[in-house]
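In: make a model of this:
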Amino acid sequence: MQLKRIKRPISGVLLLDKPLGFSSNQALQKVKWLLQAAKAGHTGTLDPLATGLLPLCFGEATKFAHYLTDADKTYVATLKLGVTTNTGDAEGEILETQPVKVSQAQFEKTLTLFQGEITQTPPMYSALKHEGKALYEYARAGVEIERQARQVQIHAIQLNAFHHDVAEITVRCSKGTYIRTLAEDIGKVLECGAHLTALRRTETASYQIAQAMTLEQFESMSAEQRIEALLPLDSAIQHLPKVMLDHDSAFYLQQGQPVWLSGVKDSGLLRLYSEQQQFLGLGEMQSDGKIAPKRLIVYPKD
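Out: Below is the predicted model of the structure:
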């Protein structure tokens, strides 16, 4: 008889360097299994072809995962010029091959056209849903679905390396930006076509790839070391103002009641802490000067 695996109420954020060939969910489930965590979620999908920074949220940290999903991100991408594929990346079938007569100066000038707010049409080979099914499921069945163009922001785009028909670029962009689509659109402007051959996410919000660990590193750790590798619950929302609550205010806030605190000048969402520096969750400043509980942490009872 197989014993049921015990799931533990673990909370925190793990910065994973997602390996090539793993979907974001496969990577999440592997780490969740290693931690024996009861609840988990990832923050922004990376294709199996892509590697790099994938913040994973566990337990109470999942309450703040959307702040990372919505955050700006940075990618290092490798483009192959002169070849277009049906998926926009190296996993697809080649549709067309064209000669490449592009200089480095031409390529760099083209990149400037994509800086700022641009319009993208999401690719068919994406996880976007249409009537409950991912677009890639329709694409694999040979069905084309009309997609609505969307506005995204390219904060910065620069050329790292260029050699005839291969270019490496770094892109810092808003959520919802498809780097595969960006590669294809660059190829269209250059009139030779292009597709993505490699993609690596290096930043999400304030998190950096240098902070991340590989799956192999995490597997080699003891159970205690894995817990120690988790970042604090509030690490995902360090951009929000911090407010300390006295004992009484913290008590009433945790009962779901708005509390009044003098001297708080910040508006909007606030990170709330007890006198003992324990993170209590998020509150929101109301027009009457009270802080209303917005998303509170539930700590396990001793």
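
In: can you list the weak-confidence ranges in the stretch 101-250 of the chain?
Out: Counting by pLDDT under 70, the stretch 101-250 of the chain shows low-confidence ranges at 125-127, 130.

In: for it, what spans make up the helices?
Out: 104-112, 135-140, 179-190, 215-219, 223-228, 247-254 (DSSP state H, counting those that start in this stretch).

In: winner for burial among these?
Out: Greatest average neighbour count among the helices of the stretch 101-250 of the chain goes to helix 179-190 (a mean of 21), per mean count of other Cβ atoms under 10 Å. All C-beta atoms are positioned from the backbone trio N, CA, C, and that covers glycine.

In: using CSV, write out every CA atom in that helix.
Out: The C-alpha trace of helix 179-190 is given here as CSV (Å, rounded to 0.1, in the frame of the first residue of the first chain):
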residue,chain,number,x,y,z
ILE,A,179,9.4,38.2,-27.9
ARG,A,180,8.7,35.7,-30.7
THR,A,181,6.3,38.2,-32.3
LEU,A,182,8.9,40.9,-31.9
ALA,A,183,11.5,38.8,-33.7
GLU,A,184,9.1,38.2,-36.5
ASP,A,185,8.2,41.8,-36.8
ILE,A,186,11.8,42.8,-36.9
GLY,A,187,12.3,40.3,-39.7
LYS,A,188,9.4,41.8,-41.7
VAL,A,189,10.8,45.4,-41.4
LEU,A,190,14.2,44.0,-42.7
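
In: before we move on, back to that, I'd like the helices of the stretch 101-250 of the chain as CSV, with distance to residue 296 appended.
Out: Formatted as CSV, the helices of the stretch 101-250 of the chain follow (distance: least, Cβ to Cβ, whole Å):
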stretch, distance to residue 296
helix 104-112, 45
helix 135-140, 37
helix 179-190, 36
helix 215-219, 29
helix 223-228, 23
helix 247-254, 6
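
In: so for residue 152, which of those helices sits nearest?
Out: Nearest to residue 152 among the helices of the stretch 101-250 of the chain is helix 179-190; the distance by Cβ to Cβ comes to 8.9 Å.

In: now that closest one and helix 104-112, what's the angle there?
Out: With axes from the mean of the first three to the mean of the last three Cα atoms, to 10 degrees applied, the angle from helix 179-190 to helix 104-112 works out at 120 degrees.

In: relative to the whole chain's centre, how far out is helix 179-190?
Out: Relative to the centre of its chain, helix 179-190 is centred 22 Å away, using Cα atoms, centre = their mean, to the nearest Å.

In: what comes into contact with it?
Out: Contact with helix 179-190 is made by 75, 77, 79, 81, 84, 87-89, 102, 106-107, 110-111, 113-114, 120-123, 125, 154, 171, 173, 193-196, 199, as judged by Cβ atoms under 8 Å, 6 or more residues apart in numbering.

In: now do the buried residues in stretch 232-243.
Out: For stretch 232-243, the buried set under the neighbour-count rule, 16 or more other Cβ atoms under 10 Å, comprises 233, 234, 235, 236, 237, 240, 243.

In: if any of the contacts of helix 179-190 are buried, put those into a PyMOL selection.
Out: The PyMOL command for the buried members of these (criterion: 16+ other Cβ under 10 Å) is given here:
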select buried, resi 75+77+79+81+84+87+88+89+102+107+110+111+114+120+122+123+125+154+171+173+193+194+195+196+199
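
In: burial of residue 230, as a residue count?
Out: Residue 230: 21 surrounding residues under other Cβ atoms under 10 Å.

In: from now on call the first residue 5
Out: Done: numbering now begins at 5, and the last item shifts to residue 234.

In: hang on, isn't it packed against residue 63?
Out: No - look at residue 234 against residue 63 with Cβ atoms under 8 Å: they stay out of range, at 9.4 Å.

In: need the overlap of contacts for the two.
Out: 14, 15, 16.

In: now for the lengthiest strand in the chain, which elements pack on it?
Out: Of all segments of type strand in the chain, defined using DSSP state E, the longest is strand 154-167. If you count contacts as 3 or more Cβ pairs under 8 Å, 6 or more residues apart in numbering; DSSP states H and E, strand 154-167 packs onto helix 108-116, strand 120-124, strand 170-177.

In: redo those as JSON lines? Include distance to residue 149.
Out: Below are the helices and strands packed on strand 154-167 laid out as JSON lines (distance: least, Cβ to Cβ, whole Å):
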{"stretch": "helix 108-116", "distance to residue 149": "29"}
{"stretch": "strand 120-124", "distance to residue 149": "16"}
{"stretch": "strand 170-177", "distance to residue 149": "24"}
